[in-house]
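>>> Make a model of this:
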Amino acid sequence: MQEVASLAKEVAELLRATIRLNVKMHDISASKEQLEPEELSQLKPSELSFYIASYFSDIKILQQNLLEEDSTLKRLRREKDVLSETVRYYSAATALKTAFNSTTTEASSSSSEAKDEPPTPPPSPSLNMEEAGDAALPTAEVLEKPGSVASSKETKTEADAGKAPDGEVQVSTELENKGEGRST
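Just a heads-up that it's a prediction; the model follows:
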């Protein structure tokens, strides 16, 4: 029982981290309630494991497998694996985005200074993975609320089992789907 409670806390923290990184990566403005769903601290481990499984509504096979799992411990372990990979992906993607933004800013500043012209604002780099097509890395987006996405963007096969080409899980964000809070 202690192991289940400990794992539930860890999985809840991974979901929080995934939400925060998703918001940062996609420049989405979010309220504190959206960043910290109160269910994560209020639900018992078994309820929490089902709540988190509901976040994977775009990945029907993964979601179904999680919901069919009889053992709360096994369900939480699988959710931990999925969310850990998502956090690793988002951490790397955010670091690249930050590095790309600072490199663009530095290059723009140094070229402006060399010409004795007033500095021009750096171009806003677009990291829109959807427009990049098959060559782009998959995104791993997190739902703000479970079950709120109307439909997935692509159909997954059983071989995919809820994973993108490089093994990352794709989940959508209600905020992103509505287009709210995007900065330009």
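>>> lowest-pLDDT helix or strand in this protein?
helix 129-132 (a mean of 38; mean pLDDT, DSSP states H and E).
>>> and residue 28, how many neighbours?
20 (other C-beta atoms under 10 Å). For glycine as for every other residue, the C-beta is placed from the backbone atoms N, C-alpha and C.
>>> whoops, residue 1 was the one
When neighbours are counted by other C-beta under 10 Å, residue 1 registers 7.
>>> State the distance from it to residue 45.
9 Å (C-beta to C-beta, to the nearest Å).
>>> What's the biggest helix in the protein, counting residues?
helix 72-114 (DSSP state H).
>>> In the chain, where is pLDDT below threshold?
Low-confidence segments of the chain (pLDDT under 70): 105-184.
>>> Helices of that one, residue ranges please.
Going by DSSP H, the chain shows helices at 2-25, 32-35, 39-42, 45-53, 60-68, 72-114, 129-132, 174-178.
>>> In TSV, list these along with mean neighbour count.
Below are the helices of the chain laid out as TSV (neighbours: other C-beta atoms under 10 Å):
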stretch	mean neighbour count
helix 2-25	18
helix 32-35	11
helix 39-42	14
helix 45-53	20
helix 60-68	16
helix 72-114	16
helix 129-132	10
helix 174-178	18
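>>> looking at it, residue 7 is touching residue 77, isn't it?
Yes: contact criterion C-beta atoms under 8 Å: residue 7 and residue 77 qualify, at 6.8 Å.
>>> who touches both of the two?
Shared contacts of residue 7 and residue 77 (C-beta atoms under 8 Å, 6 or more residues apart in numbering): none.
>>> so how far is residue 101 from residue 11?
Applying C-beta to C-beta to residue 11 and residue 101 gives a distance of 31 Å.
>>> do the same with residue 89
Between residue 89 and residue 101 the distance is 18 Å, computed by C-beta to C-beta.
>>> And residue 2, by the same measure?
For residue 2, the distance to residue 101 equals 44 Å [C-beta to C-beta].
>>> Same question for residue 50.
38 Å.
>>> Residue 9 too?
34 Å.
>>> and if you look at residue 54?
34 Å.
>>> same thing with residue 93?
12 Å.
>>> cool, and residue 55?
The spacing between residue 55 and residue 101, counted by C-beta to C-beta, is 28 Å.
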